[in-house]
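[1] Have a look at this fold, sequence not included:
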Ligand SMILES: CC(C)(COP(=O)(O)OP(=O)(O)OC[C@H]1O[C@@H](n2cnc3c(N)ncnc32)[C@H](O)[C@@H]1OP(=O)(O)O)[C@@H](O)C(=O)NCCC(=O)NCCS
């Protein structure tokens, strides 16, 4: 029996249709603006414009990740992506009078995208321009992220909204201390309350 972890086996078998993928993988990885230690991404991922993308340490992105951006995309440390996550950073100008949008060169409201440390982005999530996904936030499978999401929250849906915090008050305090978070417990609660205020 081949002694391979499920990840390695899947990586090898998925590479079979495209033997050049491994070479492409290394070129893509080296072409990004900034890459931390231990960055892994899955088969058939695509990054454009690679010069705008920064990735921290220990980042994992699943198969078929698509980052297609005309704005800077900054991904922190220890971030996880499920398969088929799309980051669409940039809009066409939709309010230009007198020309088809196809021929308007000036962009729309193109604002950078930031994904903070330890966020987990579920499978098939789409992330749009200008959002900040807070530290350690969870984005549920299939969500469309159009607005910033507070740290330590669980967020779902289209449009994606926070529904709860990951921890009870006592757990949150302990966790923030242990991971040496940049947020205080008061800040986490305040951001969550602001984002969920009706
Ligand atoms: C977001 C997630 C982590 C929440 O898990 P959970 O804390 O156990 O939450 P629950 O399953 O109790 O769901 C809470 C509510 O949110 C809803 N919900 C959960 N995930 C949802 C999603 N992705 N989209 C829409 N609604 C969702 C549930 O239906 C439930 O609604 P209800 O209270 O009206 O019944 C999980 O549902 C999810 O989407 N995981 C992503 C899995 C994935 O993509 N893995 C990739 C491998 S890296």
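    Noted; the coordinates are in hand. Bear in mind that the values here come from a model prediction, so they are computed numbers and not experimental data.

[2] and the protein, which residues reach the ligand?
    80, 82, 122-123, 138, 140-142, 154, 156-157, 163 (Cβ under 6 Å from any ligand atom). C-beta: built from backbone N, CA, C; applies to glycine.

[3] List just the nearest of these to residue 100.
    Nearest to residue 100, judged by Cβ to Cβ, of these is residue 142 at 31.8 Å.

[4] what's near enough to touch the closest one?
    For residue 142, the contact set (Cβ atoms under 8 Å, 6 or more residues apart in numbering) comprises 122-125, 158.

[5] hmm, 10 Å instead?
    By Cβ atoms under 10 Å, 6 or more residues apart in numbering, the contact list for residue 142 reads 82, 84, 122-126, 156-158, 160.

[6] what does residue 12 give?
    Residue 12 neighbours (Cβ under 10 Å, 6+ apart): 2, 4, 22, 43.

[7] list the contacts for the closest residue in space to residue 144 that isn't next to it in sequence?
    Sequence neighbours aside, residue 158 is the residue nearest to residue 144 in space, at 4.0 Å (criterion: Cβ to Cβ, 6 or more residues apart in numbering). Residue 158 is in contact with 125-126, 142-146, counting by Cβ under 10 Å, 6+ apart.

[8] What about residue 158? Give its phi and psi, please.
    phi -130, psi 110 (degrees, to the nearest 10).

[9] Which parts of this protein are helices?
    For the chain, the helices defined by DSSP state H cover 6-15, 21-31, 169-178, 185-196.

[10] most packed of these?
    Of all the helices of the chain, helix 185-196 carries the top mean neighbour count, a mean of 16, counting by mean count of other Cβ atoms under 10 Å.

[11] and the angle from the lowest-mean-pLDDT helix or strand in the chain to helix 21-31?
    Using mean pLDDT, DSSP states H and E, helix 6-15 stands out as the lowest-scoring helix or strand of the chain, at a mean of 76. For helix 6-15 against helix 21-31, the angle by axes from the mean of the first three to the mean of the last three Cα atoms, to 10 degrees is 110 degrees.
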